[in-house]
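Enquirer: Sequence and predicted structure are below.
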Amino acid sequence: MTEVLRISYKNSLPLPKPQKTLVSLAGLTRVFVWEMTVQEQQFELIIEGVLANGYAVCDDFLDKTEVQNLLKTFHTRYQAGKFKEAGIGKQSKVQTATQIRGDEILWLENESEDLAERVLLDKNQAFIDYLNQTCYLGIKDSEIHFAKYDIGKFYRRHRDTFQAQKGRILSVIYYLNLDWIPADGGNLLIYTTENNLEKTITISPLAGRLVCFESEKLDHEVTEAFAERFSVTGWLLNK
Ligand code: OGA
Ligand code: MN
């Protein structure tokens, strides 16, 4: 991954508030007082997690109303037959490989005027802007799709940059599953290494939760879902 250069003006969350900065110039002193918005604090939490561990989990990134609105759009598009079985491999020769992944997907349009999609796309863009300003990541674009896993479906262990997927820097997943319980399965497993030992992180796809990780570095999988599973997957691209 591109080396992350970062202006670090804090090390831990939550921030002591408000922050004060004293600036003295030519005998005049000014006090700047600033506070981070909740969204900025969430961005910070995500970035700190990715820097420290390669991945981050942020709950309540979307609120319940935002999730419900997105689900409405999701279902409308699904019922209109817009979703396709997901493939593996390059865009040009997408092959369906249900033994590897069983989700159905629909790519979002960056220019969408659907209000629920707009909220998500704008938040995603705000995150990109924040990353570019504070980490100099040079993210130029993103690609985002809805994903639906029917009961019995899964996505075997993989990496998001397989077969030279171009420019994927960060993977971002937004979950839309209200009332999800452990028996519903469908966990995201992320494989990391700690002291040369593989460690598996288990993350359930709870509504409002965002997961972010370095696309190039981490293997991950979706375990079999025992209830219909709804999510949005995005990649932030440096191309
Ligand atoms: C993917 C993916 C994980 C998830 O779409 O590439 O790994 O939890 N999704 O939905
Ligand atoms: Mn993936």
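Expert: Perfect, I can see it now. Ligands and ions are numbered 1, 2, ... in the order given.

Enquirer: For the closest residue to residue 191 other than its chain neighbours, grab the count of nearby residues.
Expert: Take residue 191 and drop its neighbours on the chain: the residue closest to it by CB to CB, 6 or more residues apart in numbering is residue 219, 4.4 Å away. Using the backbone N, CA and C atoms, a C-beta is placed for each residue, glycine as well. Residue 219 has 14 neighbouring residues, counting by other CB atoms under 10 Å.

Enquirer: can you check residue 158 too?
Expert: 14.

Enquirer: near ligand 1, which residues of this structure show up?
Expert: 147, 155, 160, 173, 188, 205, 220, 222, 231, 233 (CB under 6 Å from any ligand atom).

Enquirer: Next, the contact list for the fifth one, please.
Expert: When the contact criterion is CB atoms under 8 Å, 6 or more residues apart in numbering, the partners of residue 188 are 173, 202-205, 211, 220-222.

Enquirer: any chance of those residues in a markdown table, with secondary structure, neighbour count and pLDDT too?
Expert: Below are the contacts of residue 188 laid out as a markdown table (DSSP: H, G, I helix; E, B strand; the rest coil; neighbours: other CB atoms under 10 Å; pLDDT from 0 to 100):
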| residue | secondary structure | neighbour count | pLDDT |
| --- | --- | --- | --- |
| 173 | strand | 20 | 98 |
| 202 | strand | 10 | 98 |
| 203 | strand | 16 | 98 |
| 204 | coil | 16 | 98 |
| 205 | coil | 24 | 98 |
| 211 | strand | 24 | 98 |
| 220 | strand | 23 | 98 |
| 221 | strand | 17 | 98 |
| 222 | strand | 25 | 98 |
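
Enquirer: coming back round to it: pLDDT score assigned to the residue nearest to residue 191?
Expert: As predicted, residue 219 sits at a pLDDT of 96.

Enquirer: quick one: it and residue 57, what's the gap?
Expert: 17 Å (CB to CB, to the nearest Å).

Enquirer: Quick check: bridge partners of residue 201?
Expert: residue 190 (DSSP bridges).

Enquirer: surely it meets residue 190?
Expert: Yes. Between residue 201 and residue 190 there is a contact at 4.4 Å, judged by CB atoms under 8 Å.

Enquirer: Now for the two: what residues contact both?
Expert: residue 55.

Enquirer: From residue 137, how far out is residue 157?
Expert: For residue 157, the distance to residue 137 - CB to CB - is 26 Å.

Enquirer: So between the two, which is more surrounded?
Expert: Counting neighbours by other CB under 10 Å for residue 157 and for residue 137 shows that residue 137 has the greater number, 22 against 11.

Enquirer: ok, that one to ligand 1 distance?
Expert: Distance of residue 137 to ligand 1, computed by CB to the nearest ligand atom, to the nearest Å: 20 Å.

Enquirer: Could you do residue 61 as well?
Expert: For residue 61, the distance to ligand 1 - CB to the nearest ligand atom - is 14 Å.

Enquirer: from memory residue 189 sits against residue 204, does it?
Expert: No. Judged on CB under 8 Å, residue 189 makes no contact with residue 204 at a distance of 10.6 Å.

Enquirer: Now the residue most central in space within the chain: closest residue in space that isn't a chain neighbour?
Expert: In the chain, the residue lying closest to the centroid (CA atoms, centre = their mean) is residue 172, at 1.8 Å. Leaving out its chain neighbours, the residue that sits closest to residue 172 by CB to CB, 6+ apart is residue 234, at 4.5 Å.

Enquirer: Low-confidence stretches in the chain?
Expert: 1-25, 27, 29-34, 89-96, 163-165 (pLDDT under 70).
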